[in-house]
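In: My questions are about this predicted structure, shown below with the sequence.
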Number of protein chains: 2
Amino acid sequence: MDLDGTLREIADCSVLSDADAVAGYAVDWTGRWRGGPALVARPRTVEAVAAVLAACARAGVPVVPQGGNTGLVAGSVPPAGAVVLSLTGLDAIGSVVDGVVTAGAGVTLAALESFAAARGLTCGLSLASGESATVGGAAATNAGGAEVLRYGTARARIAGLRAVLSDGAVLDRCRPPAKDNTGYDLVDQLIGSEGTLAVITDVTWRLDPAPGERTVLALAFPSVSEAVAAVPVLRGLPGLLALEWSDGAAVARVAAHLDAPAPLPTDGCWVFAEFDGAPEAAGVVAGLLPDDRIAVGAGPEDRVRLWRYRARTTEAVNAAGVPVKLDVGVPLEEFAAARAAIVDAVAAVSPDVEPVLFGHLAEGNLHVNLLARAGDRIPEGLAEELESAVLEQVLTFGGTVSAEHGIGRAKRAWLARQRGDGQVALMRRLKSAWDPSGLLNPGVLFEREDR
Amino acid sequence: MDLDGTLREIADCSVLSDADAVAGYAVDWTGRWRGGPALVARPRTVEAVAAVLAACARAGVPVVPQGGNTGLVAGSVPPAGAVVLSLTGLDAIGSVVDGVVTAGAGVTLAALESFAAARGLTCGLSLASGESATVGGAAATNAGGAEVLRYGTARARIAGLRAVLSDGAVLDRCRPPAKDNTGYDLVDQLIGSEGTLAVITDVTWRLDPAPGERTVLALAFPSVSEAVAAVPVLRGLPGLLALEWSDGAAVARVAAHLDAPAPLPTDGCWVFAEFDGAPEAAGVVAGLLPDDRIAVGAGPEDRVRLWRYRARTTEAVNAAGVPVKLDVGVPLEEFAAARAAIVDAVAAVSPDVEPVLFGHLAEGNLHVNLLARAGDRIPEGLAEELESAVLEQVLTFGGTVSAEHGIGRAKRAWLARQRGDGQVALMRRLKSAWDPSGLLNPGVLFEREDR
């Protein structure tokens, strides 16, 4: 029997092979990356996931796990002939026990947060893509987001998980003992492995007490270096949930997109500090800047009104064209210099491209969105040239070519540049240890080797 | 040139080959396990560690990394003919930057805590063996201790590390970016790997603000199940640093050893709750038990006077004989039943053996110390029979055969019993990926395979 027929015999599993139906799983959400899967399997149980993987292993067909397909580095874009293993059917949420809950890989972050909020809790992971992004994808990519400084990345939120190996064997570490020193840590290795080692089917997530009423402060610093200098003071303030930044030009772009004039000057760099509760901090913050460079969003409406100048940046960028998106990090002490060098490097490659810069200030993170000033999209050749120019600068400053998004297919040429050939060789050996057949998400992290 | 001569040519490295000198590195601190190393190499730089490993790789000689040699599962006991790689010469401590400090693997936990305390900070890892145990050993064994509920195990304390692979290549992740999603997590895999994957040379440790004045409450519950029932209330109290337990009989043993009558009844199970600050909690705790079953240790002297009934258990046990030491964990809801079953299982094997039971209550952890009632030591055959009886019970209750101590050589037969053949096979493949030659700490975690 062919693979299509074998997969259709698996209980609790839908199979799509119609070209139109499959096409929806073939392209990433930026539209920049496009693949050509042969089939899409959508199991609804762990047993069905195992059966799909075992069948593909027998057939020697590559498998690409896919959650909400919101990744930005083509990590879930299937190469031609692969089977897409969509995990969105694993959407059950268990009960809260000892502050953790086990959720199916296909549960969206929004659904998990809604479940938590109904119990006075939070999952602590806040992504712009949360309506579609899944807990399985968040685990597989060690997702971060705006509240990392308070709650950590996905790695810090995950207490256990279940996964299926490429041969169909189930690895159950959903509820490991509270302390357990028996052999190698397998859970942490799967977190951030981008679907190349095993397919995550369930994630046990830590829930924290939800914050109370939030307050956001916006601080319009005249320069990036002044914004960076304020970080130690801001980080020390009680109740801090998020510390974000946007170039003044990025804020101005949002203001124009929303037709909502910015309440503060956009000549330099805005910092957004969100607090759990009222900012008793206001006194300290007041000393950092003149009053006409500080805005306070207290109460739900005011807060959203102020936050939107940061939160809706992606929306404003997408309205202007198809961006090239990079996600880099540098040591905080190099932040201002690195940001300036990135702007210069982009200008040197093309004066017709505008960098829109924003990100998570506490971790020295820059989301670099590059837009053609004339609108529409940047040609692929130029896009690669721009990426190279930016990432070279990042490495010069001792930074990371991927703070959050991962390597995927898009950045694999840069993995060895940052981590060195020795570490990449070790990673390849680890890949073989987990997935001896090499059928799990081939081409992600590493170029495919002829086998 | 022979290996001895080659090692002696390495700069910044002492070599011991004299039988008497080597003998000190051959036996574990309980005296139960004994090996026979050929040589001891004691490098003082990372470069020297790399040179030792490269030389041993060329000679095909196994290497056993050793820190303070305070492990309890024979993980650092060298097989005959191996080279002991003592890391105690790597004893430098760097500067505190952004709340972390990089320490050489040979820095003792006491030295790290003293360094932290001088700056108003704490390393958050409190072990009875802290005067000898090293940060490298703590990392390699994912050490826990009394304050895990507040600060986590070593895994939670470690922000980065440097290690040398078995071929002498240096893996530097001492100061990874604040967020970095470039490939597989290598740091977390080395934590708890017991020296079988690479040799840890430096550890970047998170420091937290030190607690203020501590207060300890002792609660003498009439039974273990009543003690367990109080855990949710106690865990919810603000400022809790540690939540420990001891069998009443273990407390009575300490009292007799110290010739210091216990201030509360020892008929059941004592719980020790330590707080950062004064226990505003006293009111809540008062409702749990009558006044004559609660003692408060406030102020440094009173606190130590009360804590000693838990803290000096190991000393009291060692004064009575050579214990067989087990370290297990069970789900808290099974704790009382599992403890009773363990006591029964020991009695069924031998009425001449007394179990002394205590541990970390918050994580359902039991340190099971077995003593011959007649003093001296339990014969090895009986020791193995007792271990089997206890660990079978632990598995029956869904627990772990090693909450903290690790697998080492002592418990490797139990690894597959708990984790299953599939996970152990995967762990063996991971071992080969890191250490293709198999020369790093062979016989730890897994039986040696013929090669």
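Out: Perfect, thanks for sending it. Residues are numbered from 1 along each chain as shown, chains lettered A, B, ... in the order given.
In: for chain A, what helix or strand is lowest in average pLDDT?
Out: Least confident helix or strand, chain A: helix A:282-286 with a mean of 73, by mean pLDDT, DSSP states H and E.
In: Give me the buried stretch members for it, please.
Out: For helix A:282-286, the buried set under the neighbour-count rule, 16 or more other CB atoms under 10 Å in any protein chain shown, comprises A:V285. Quick note: C-beta positions are derived from backbone N, CA and C, even for glycine.
In: Just the CA trace of it, in PDB.
Out: This file holds the C-alpha atoms of helix A:282-286, laid out as PDB (Å, rounded to 0.1, in the frame of the first residue of the first chain):
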ATOM      1  CA  ALA A 282       6.500  56.900  39.000                       C
ATOM      2  CA  GLY A 283       8.700  58.900  41.300                       C
ATOM      3  CA  VAL A 284      11.900  57.200  40.300                       C
ATOM      4  CA  VAL A 285      11.000  57.300  36.600                       C
ATOM      5  CA  ALA A 286      10.200  61.000  36.900                       C
END
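In: which helices and strands does that helix pack with?
Out: If you count contacts as 3 or more CB pairs under 8 Å, 6 or more residues apart in numbering or on different chains; DSSP states H and E, helix A:282-286 packs onto strand A:214-221, strand A:294-298.
In: Of all those, which one is nearest chain B?
Out: strand A:214-221 (20.6 Å; CB to the nearest CB).
In: who touches that closest one?
Out: Residues outside strand A:214-221 that contact it (CB atoms under 8 Å, 6 or more residues apart in numbering or on different chains): A:227, A:230, A:241, A:248, A:263-279, A:281-282, A:285, A:288-289, A:293-298, A:303, A:306-307, A:309.
In: and A:V135, what does it touch?
Out: So A:V135 contacts A:103-105, A:107-109, A:112, A:203, A:205 (CB under 8 Å, 6+ apart).
In: cool, A:A50 as well?
Out: A:164, A:168-170.
In: one more time with 6 Å
Out: By CB atoms under 6 Å, 6 or more residues apart in numbering or on different chains, A:A50 lies in contact with A:164, A:168, A:170.
In: Return the per-residue confidence for the second one.
Out: Looking back up the chat, that one is A:G168. Here the pLDDT value assigned to A:G168 is 98.
In: Which positions in the stretch 251-400 of chain A make contact with chain B?
Out: Counting by CB under 6 Å from any CB of the partner chain, the stretch 251-400 of chain A comes close to chain B at A:329, A:363, A:400.
In: Can you name every helix or strand that the longest helix anywhere in chain A contacts?
Out: Ordering each helix of chain A by length in residues (DSSP state H) puts helix A:412-434 first. Helices and strands touching helix A:412-434, by 3 or more CB pairs under 6 Å, 6 or more residues apart in numbering or on different chains; DSSP states H and E, are helix B:412-434.
In: In stretch A:192-206, which of the residues would be classed as buried?
Out: A:192-206.
In: and the residues you listed near chain B, which?
Out: Okay, of those touching chain B (CB under 6 Å from any CB), that's A:192-193.
In: where are the low-confidence patches of chain A?
Out: A:279-282, A:449-451 (pLDDT under 70).
In: re the thing from before, closest one of the residues of the stretch 251-400 of chain A next to chain B to A:L121?
Out: A:E363 (24.2 Å; CB to CB).
In: Next up, the contacts around that closest one.
Out: So A:E363 contacts B:178-179 (CB under 6 Å, 6+ apart).
In: What of the one 5 residues further on?
Out: Residues in contact with A:V368 (CB under 6 Å, 6+ apart) are A:326, A:355, A:390.
In: what about the closest residue in space to it that isn't next to it in sequence, which SS state?
Out: Closest residue to A:V368 apart from its sequence neighbours, by CB to CB, 6 or more residues apart in numbering or on different chains: A:L326 at 4.1 Å. Secondary structure state of A:L326, per DSSP: H, G, I helix; E, B strand; the rest coil, is strand.
In: For A:A336, see how far away A:L326 is.
Out: A:L326 is 18 Å from A:A336, where distance means CB to CB, to the nearest Å.
In: more crowded one of those two?
Out: A:L326 (25 against 18; other CB atoms under 10 Å in any protein chain shown).
In: From the contacts of strand A:214-221, list the buried ones, please.
Out: Looking at the contacts of strand A:214-221 with 16+ other CB under 10 Å, the buried ones turn out to be A:227, A:230, A:241, A:248, A:263-264, A:266, A:268-276, A:279, A:281, A:285, A:288-289, A:293-298, A:303, A:306-307, A:309.
In: just the CA coordinates of stretch A:208-226, formatted as PDB?
Out: Extracted as PDB, the C-alpha positions of stretch A:208-226 are listed here (Å, rounded to 0.1, in the frame of the first residue of the first chain):
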ATOM      1  CA  ASP A 208       1.700  31.600  37.800                       C
ATOM      2  CA  PRO A 209      -0.700  33.900  39.700                       C
ATOM      3  CA  ALA A 210      -2.000  36.400  37.200                       C
ATOM      4  CA  PRO A 211      -0.800  40.000  37.500                       C
ATOM      5  CA  GLY A 212      -3.400  42.400  38.800                       C
ATOM      6  CA  GLU A 213      -4.300  45.600  37.000                       C
ATOM      7  CA  ARG A 214      -1.400  46.600  34.700                       C
ATOM      8  CA  THR A 215       0.100  50.000  34.200                       C
ATOM      9  CA  VAL A 216       2.400  50.900  31.300                       C
ATOM     10  CA  LEU A 217       4.800  53.800  31.200                       C
ATOM     11  CA  ALA A 218       6.200  55.100  28.000                       C
ATOM     12  CA  LEU A 219       9.500  57.000  28.100                       C
ATOM     13  CA  ALA A 220      10.600  58.900  25.100                       C
ATOM     14  CA  PHE A 221      14.400  59.100  25.400                       C
ATOM     15  CA  PRO A 222      16.200  61.600  23.100                       C
ATOM     16  CA  SER A 223      18.700  58.800  22.200                       C
ATOM     17  CA  VAL A 224      19.100  55.100  22.300                       C
ATOM     18  CA  SER A 225      22.100  55.300  24.600                       C
ATOM     19  CA  GLU A 226      20.100  57.300  27.200                       C
END
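In: What are the buried residues along it?
Out: Within stretch A:208-226, the residues that qualify as buried are A:210-211, A:214-221, A:224-226, counting by 16+ other CB under 10 Å.
In: Switch those residues over to TSV; also include distance to A:T6.
Out: Output for those, formatted as TSV (distance: CB to CB, whole Å):
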residue	distance to A:T6
A:A210	46
A:P211	49
A:R214	51
A:T215	56
A:V216	53
A:L217	58
A:A218	57
A:L219	59
A:A220	61
A:F221	60
A:V224	57
A:S225	61
A:E226	63
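In: from these, which two are the most distant?
Out: A:A210 and A:S225 (35.4 Å).
In: Number of residues surrounding the residue in the stretch 201-350 of chain A positioned nearest to chain B?
Out: Closest residue of the stretch 201-350 of chain A to chain B, CB to the nearest CB: A:G329 (4.8 Å). Residues near A:G329, counting by other CB under 10 Å, number 28.
In: Thank you kindly, that will do.
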